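> using only what follows, build the 3D model:
(2 chains, ligands or ions: 2)
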Protein chains: 2
Amino acid sequence: MAKGPKNAISPTREENYPEWYQQVITAADLAEDSDVRGCMVIKPWGFAIWENIQRRLDAMFKATGHENAYFPLFIPMSFLEKEAEHVEGFAKECAVVTHHKLVPNGEGGLMPDPKSKLEEPLIVRPTSETIIGATFARWVQSYRDLPILINQWANVVRWELRTRKFLRTTEFLWQEGHTVHATREQAEDETRLMLDVYAAFAEQHMAMPVIKGEKTAGERFPGAVATYSIEAMMQDRKALQAGTSHFLGQNFAKAQEIMFQNEEGERQHAWTTSWGVSTRLVGGLIMTHSDDDGLVLPPKLAPAHVVILPMFRNDEERDMVMDYVSNLKSQLEAQLYDREPIRVRVDSRDLRGGEKKWQWVKKGVPIRIEVGPRDIAQGGFKPARRDQSGPPPKDPISAEAFVGKAASILEEIQQGLFDRAVKRRDDATVEISDLKEFEKFFAEKSPAGLAYAYFTDGPEMESRCKALKITPRCVPLDDDAGPGKCLFSGAETDRRAVFARSY
Amino acid sequence: MAKGPKNAISPTREENYPEWYQQVITAADLAEDSDVRGCMVIKPWGFAIWENIQRRLDAMFKATGHENAYFPLFIPMSFLEKEAEHVEGFAKECAVVTHHKLVPNGEGGLMPDPKSKLEEPLIVRPTSETIIGATFARWVQSYRDLPILINQWANVVRWELRTRKFLRTTEFLWQEGHTVHATREQAEDETRLMLDVYAAFAEQHMAMPVIKGEKTAGERFPGAVATYSIEAMMQDRKALQAGTSHFLGQNFAKAQEIMFQNEEGERQHAWTTSWGVSTRLVGGLIMTHSDDDGLVLPPKLAPAHVVILPMFRNDEERDMVMDYVSNLKSQLEAQLYDREPIRVRVDSRDLRGGEKKWQWVKKGVPIRIEVGPRDIAQGGFKPARRDQSGPPPKDPISAEAFVGKAASILEEIQQGLFDRAVKRRDDATVEISDLKEFEKFFAEKSPAGLAYAYFTDGPEMESRCKALKITPRCVPLDDDAGPGKCLFSGAETDRRAVFARSY
Ligand SMILES: [Zn+2]
Ligand SMILES: [Zn+2]
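Residues are numbered from 1 along each chain as shown, chains lettered A, B, ... in the order given. Ligands and ions are numbered 1, 2, ... in the order given. Coordinates of the predicted model:
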């Protein structure tokens, strides 16, 4: 595709995918670098997408019996000592609070007050297993207290060397579910239930197809018995881990003494789970749907479904057009899409029409309506769909007719984006049973994609993957391929993994 | 009132108000101490109240044109150096991050890695004026970029020596609005608009009457030209500052170089505001309405409006009662109260009826329905209102009749709680024009209350107040008392303040 004025985003996806990603974010005004290394400012349009994600997920969590709560931002250092099975090999990149006061440094500046040094440093939570576990140990006494089904929406901090907006930032926003159960089976069911919730959300709301699967031993969350994830494929054919759900067995319950008396009066360690998704989802949404003109939003998560751009050249035209537009707006807002009123913005800023139009293209609004006196005189307008390129429809549509089918157009866009993403992924997916072929598929210059291959867990597989700069993403749960031969060792196995480069 | 089994909370308000407050929180399961000094765990019932507060306020902010965004948790120390007008006298209690890595300490524990020491310490935000101001300086170029109307929901940290749940904790949750305007008038209008939003929310949703007013010079936010607040009176007759709105003039814009080109092409400093409320509102809600049996919730913010306690002694009764109850529940949920479906909980836990009932009394649910086979046979039940003490009504009401008037009962409770709080406040409010009388009113042993008195700003007034352990809470905006004589100096003045002890 030719570069230049034809595309709003430069470089294009083909020219330089990572740079295209950054430019889409800037062009859509989603986020920007802050004055703090590795932390971003999430701007209103980006935050509104996150709010929509939050609202939908929160309703799904509550519908499955979970309640929200809030735990401290800080974790005493000793809690991490308990968690680190072998403290010797432990090194954790995290923000360490050591003082609680600033005082003048005698040179016109400030410094941490040496007298305010904390006896025990506090860690800004990188995740809350330890502090929530210590709390649960107090809450749980008897089987009657179980299950405990808690979720927290929070900010967390992981000191990252290389950051990329939404995908990996030092501070990020997320939710973390933490649950406690009386039996292994109930905890396993919970782990899989939340994986299903994440997959349903990704596919139905984000229009992002995902593979549900179990992580291999090397990719498990430290301390988990089993880690499950949903894996999506971005347009550069790299995989993105979009959510994880961990079955923690009794490991954390033992470290944190979460014990309960069962119906027979015996004290037992409980079974726990944890699960989370983060602002990384916004990165996945951008990379799944956007094109060389900028962001493309799935309607269900779009801050605005329809943007109306009134066109006029004088006050008389203005009055007439604005009447028409505000009428159109309120009629649209009386319609429901996905059980919520259709979200409409009217942009009547004093800007050139072309500039205004391109701003909304780059912001990814699903439907764009430019309407001026001539359109009104001719009985309608020509709505432009963000998911379709090329010229708008030849024939105008009346406001009445458009209002009547707006919700179904939005649903068509939502479904179309999903279908397109499924096709893109399936076109980039192969099944490989030969190591040479596998190595060729992942050769440096290749755009590669997702490769299904039989494997057995272990160092042989891991070193081969490392050399190819890929990882086993997961062992898909829906795979019914039966037994086969391990690609790396030739041994009989009944497990296939999806291998890919990844974010 | 006699102590003992008659009240669910011990001590009573009269016996020991501060301890009663803590016991109400524990009995209602709102929050508990955490493993981190000064930080609390907000438990599901407490957090659900905060979520209701958030949802309502957020809608009010959006209806007045504000958008949400998110800024970094950390603030570079140098930003606070700029803010501190005279660094020499500056001392700030805050959490200081100095390292970014933990490593083994050689003794089986962990320590901050000396090699990971930050060149510049980072402060966990105590408020975000500086970091948001630096961002706004980049966003604002021209008058066309104004106004900027941003809100952030966030956690903040202020190192507190003495903490009290919800009222004063080291970490707390809040929202902070930050806006930029082209003219003084627009910024002043915004400051007052948000004060009005807070007052409307406090009175209409929390059922907590407030006085809107301007802070005296000594009580202003550092750097503000004018600080406005809403002040409520708790049942111990102390005042609680429940929200503040600051007109910052050009002070912050000058410190942070927030400048714009006006329509004439001249570069000017902008005018800014900030405003906030926090989880402290939950403390105010508790102390305004609760009684010696525990929490009393205003229906608009109650996580559940109605709790149904099914009573049965065998499986046959169980089936019959549960059918009736689930039918009642779904009929109630089809009714709207305050534009939302009525929120119903059914508690069918295997617990003694009395214990269960008292749990919900202490949790403050507005309407409680116990229903068993005999009630059903007699054609109804006797709903108990949390705002009324004494025995339940003599005559049962049918499910049909109750469903039909549930919303109006809730509204009656909401209004009743407000009226009661207004009366309590007005009964404890005096107008005083004599210093002796003023000193007597605030004498140590007196329960005191709110005193309106004429004043002039300055050290005379401040030292008298300090001696009485009171502060001028605000200069009420709605006061039309005209001019008078300063209580402290005798000078002519047209300003009256409300004086009180406070949280
Ligand atoms: Zn143990
Ligand atoms: Zn300046």
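> chain A: helices as residue ranges?
A:17-27, A:44-63, A:77-83, A:129-139, A:184-204, A:251-256, A:280-289, A:315-333, A:353-363, A:373-377, A:399-427, A:435-441, A:459-467 (DSSP state H).
> select from those helices the stretch with the lowest mean pLDDT.
Per-stretch mean pLDDT for the helices of chain A is lowest at helix A:77-83 (a mean of 87).
> most tightly surrounded among the helices of chain A?
For the helices of chain A, the largest average neighbour count (mean count of other Cβ atoms under 10 Å in any protein chain shown) is found in helix A:280-289, namely a mean of 25. Yep, even glycine has a C-beta here, placed from its N, CA and C like the rest.
> any idea how far that one is from the middle of the chain?
6 Å (Cα atoms, centre = their mean, to the nearest Å).
> go on, stretch A:459-471?
What separates the centre of stretch A:459-471 from the centre of its chain is 26 Å, taken as Cα atoms, centre = their mean.
> again with stretch A:43-54
12 Å.
> contact partners of it?
With Cβ atoms under 8 Å, 6 or more residues apart in numbering or on different chains as the test, stretch A:43-54 has contacts from A:25, A:28-32, A:42, A:153, A:166, A:173, A:175, A:205-206, A:279, A:281-282, A:285, A:297, A:300-303, A:363, B:67-70, B:150.
> report the buried members of the residues you listed.
Buried subset of the contacts of stretch A:43-54 (neighbour count, 16 or more other Cβ atoms under 10 Å in any protein chain shown): A:25, A:28, A:30-32, A:42, A:153, A:166, A:173, A:175, A:205-206, A:279, A:281-282, A:285, A:297, A:300-303, A:363, B:67-70, B:150.
> for the stretch 151-300 of chain A, which residues are neighbours of chain B?
Residues of the stretch 151-300 of chain A lying close to chain B (Cβ under 8 Å from any Cβ of the partner chain) are A:154-155, A:157, A:159, A:171, A:173.
> looking at those residues, which is nearest residue A:217?
Relative to residue A:217, the closest of these is residue A:159; by Cβ to Cβ it sits at 26.2 Å.
> and the residue lying closest to the closest one once chain neighbours are set aside, how close does it get to residue A:79?
Excluding the flanking residues, the one nearest residue A:159 by Cβ to Cβ, 6 or more residues apart in numbering or on different chains is residue A:93, at 3.8 Å. According to Cβ to Cβ, to the nearest Å, residue A:93 and residue A:79 sit 17 Å apart.
> repeat for residue A:279
25 Å.
> with residue A:329 instead?
Distance, residue A:329 to residue A:79, using Cβ to Cβ: 53 Å.
> and if you look at residue A:291?
If you go by Cβ to Cβ, the gap between residue A:291 and residue A:79 works out to 46 Å.
> can you count the residues close to residue A:267?
For residue A:267, the neighbour count with other Cβ atoms under 10 Å in any protein chain shown is 10.
> same check on residue A:398?
Quick note: residue A:398 (other Cβ under 10 Å) scores 12 neighbours.
> next, the residue nearest to it when sequence neighbours are not counted: phi, psi?
Distances taken as Cβ to Cβ, 6+ apart place residue A:380 nearest to residue A:398, at 4.5 Å, with adjacent residues excluded. Dihedral pair for residue A:380: phi 170, psi -160, per degrees, to the nearest 10.
> now do the contacts for residue A:365.
Here residue A:365 is in contact with A:297, A:302, A:304-307, A:345, A:386 (Cβ under 8 Å, 6+ apart).
> and the pLDDT for it?
According to the prediction, residue A:365 has pLDDT 98.
> tell me the spacing between residue A:121 and chain B.
According to Cβ to the nearest Cβ, to the nearest Å, residue A:121 and chain B sit 6 Å apart.
> doesn't residue A:75 make contact with that residue?
No - look at residue A:121 against residue A:75 with Cβ atoms under 8 Å: they stay out of range, at 9.9 Å.
> any of the contacts of residue A:365 buried? List them.
The neighbour count (16+ other Cβ under 10 Å) marks A:297, A:302, A:304-307, A:386 as buried among those.
> these in strands, which ones?
With DSSP state E as the criterion, strands contain A:306-307 from among the buried ones among the contacts of residue A:365.
> looking at the buried ones among the contacts of residue A:365, spot the one nearest chain B.
Using Cβ to the nearest Cβ, residue A:304 is the member of these that sits closest to chain B, with 12.1 Å.
> for the residue lying closest to that closest one once chain neighbours are set aside, give me its contacts.
Nearest in space to residue A:304, with sequence neighbours left out and distances taken as Cβ to Cβ, 6+ apart, is residue A:345 at 4.4 Å. Shown in contact with residue A:345 (Cβ under 8 Å, 6+ apart): A:304, A:306-308, A:365.
> what bridges to residue A:345?
residue A:307 (DSSP bridges).
> re earlier: just give me the neighbour total for the residue nearest to residue A:159.
Neighbour tally, residue A:93, other Cβ under 10 Å: 16.
> pretty sure it sits against residue B:103.
No - assessed by Cβ under 8 Å, residue A:93 is found out of contact with residue B:103, at 10.5 Å.
> overlap in contacts of those two?
Common neighbours of residue A:93 and residue B:103 (Cβ under 8 Å, 6+ apart) do not exist.
> how far away is residue A:94 from residue A:163?
15 Å.
> same question, residue A:184
If you go by Cβ to Cβ, the gap between residue A:184 and residue A:163 works out to 38 Å.
> with residue A:322 instead?
44 Å.
> residues in contact with the nearest residue to residue A:251 once chain neighbours are set aside?
With sequence-adjacent residues excluded and distances taken as Cβ to Cβ, 6+ apart, residue A:251 is closest to residue A:223, at 5.1 Å. Counting by Cβ under 8 Å, 6+ apart, residue A:223 makes contact with A:83, A:85, A:129, A:248, A:251-252, A:255.
> what do you get for residue A:95?
So residue A:95 contacts A:123-124, A:157, A:159, A:170, B:74, B:97, B:100, B:122 (Cβ under 8 Å, 6+ apart).
> quick one: which of those sit in strands?
Per DSSP E, the subset of the contacts of residue A:95 in strands is A:123-124, A:157, B:74, B:97, B:100, B:122.
> reformat these as CSV; add neighbour count.
CSV is the format used below for those (neighbours: other Cβ atoms under 10 Å in any protein chain shown):
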residue, neighbour count
A:123, 24
A:124, 26
A:157, 25
B:74, 27
B:97, 27
B:100, 25
B:122, 24
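> check these against residue A:61 and report the nearest one.
Ranked by distance to residue A:61 (Cβ to Cβ), these are led by residue A:157 at 23.2 Å.
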